[in-house]
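# Here you go, sequence then predicted model.
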Amino acid sequence: MAKHPIPKATKKHVKRRPRKSRPSDINHKPTHYALYDVEWPQEYTIVPGEGSIPPEFLAKIGSRSKRRQKASAEDDAEVNDEEGTQLTSVSELLRAEGN
């Protein structure tokens with residue numbers, strides 16, 4: 001093989017690629033689909049806004065980005081209810097606190 005190949009195929013590909021020449025192609029915007037049309041698994045709960053869940057639930061759950069930023073023993077602790085069973089989702093936390 002050659003040490004420094006000449007990118008002939010790439011040059012031809014760029015030369016012959018389809019271009020956006022029509023105004024409808026140039027001004028095309030991506031399609032936005034409604035979030036609620038997606039069939040979500042049961043472990044996911046769609047929350048309408050931040051005000052609908054009390055802050056103490058959000059503090060118990062935490063977010064993935066915070067867990068990645070903070071590598072400590074506290075982050076490895078699991079959220080448990082009174083009986084000691086592990087709670088993994090917002091809906092489970094809400095059900096446990098409601099009882």
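Looks like it arrived, so ask away.
# in which helix or strand would I find P30?
Using DSSP states H and E, P30 falls within no helix or strand.
# Quick check: the gap between it and R17.
Plainly put, P30 is 20 Å away from R17 if you go by CB to CB, to the nearest Å. All C-beta atoms are positioned from the backbone trio N, CA, C, and that covers glycine.
# Least confident secondary structure element in the chain?
When the helices and strands of the chain are compared on mean pLDDT, DSSP states H and E, helix 73-76 comes out lowest with a mean of 44.
# Which residue is the nearest non-sequential neighbour of I26?
Spatial nearest neighbour of I26, chain neighbours left out: K20 (5.0 Å); criterion: CB to CB, 6 or more residues apart in numbering.
# Give the helix, strand or coil label for the one you found.
Of the three states, K20 takes coil under DSSP: H, G, I helix; E, B strand; the rest coil.
# Low-confidence bits of this protein, can you list those?
1-2, 35-38, 40, 45-93, 98-99 (pLDDT under 70).
# K12 - that's part of a helix, no?
Yes - counting by three-state DSSP, K12 is part of a helix.
# how many neighbours does it have?
Neighbour count for K12, taken as other CB atoms under 10 Å: 10.
# Okay, it and Q42: tell me how far apart.
Taken as CB to CB, the span from K12 to Q42 is 51 Å.
# likewise V14?
V14 sits 48 Å away from Q42, going by CB to CB.
# What of H4?
Distance, H4 to Q42, using CB to CB: 56 Å.
# quick one, which of these two is more surrounded?
Using other CB under 10 Å as the criterion, H4 and Q42 rank with Q42 on top: 7 against 4.
# Need phi/psi at the more buried one.
Taking degrees, to the nearest 10, you get phi -70, psi -30 for the backbone angles of Q42.
# Same question for A96.
phi -70, psi -40.
# for R17, same thing?
phi -70, psi 150.
# and it, how far is that from D25?
Separation of R17 from D25 (CB to CB): 13 Å.
# Settle it for me: which of these two has more neighbours?
D25 (10 against 7).
# isn't there a helix covering the more buried one?
Yes - D25: assigned to a helix according to three-state DSSP.
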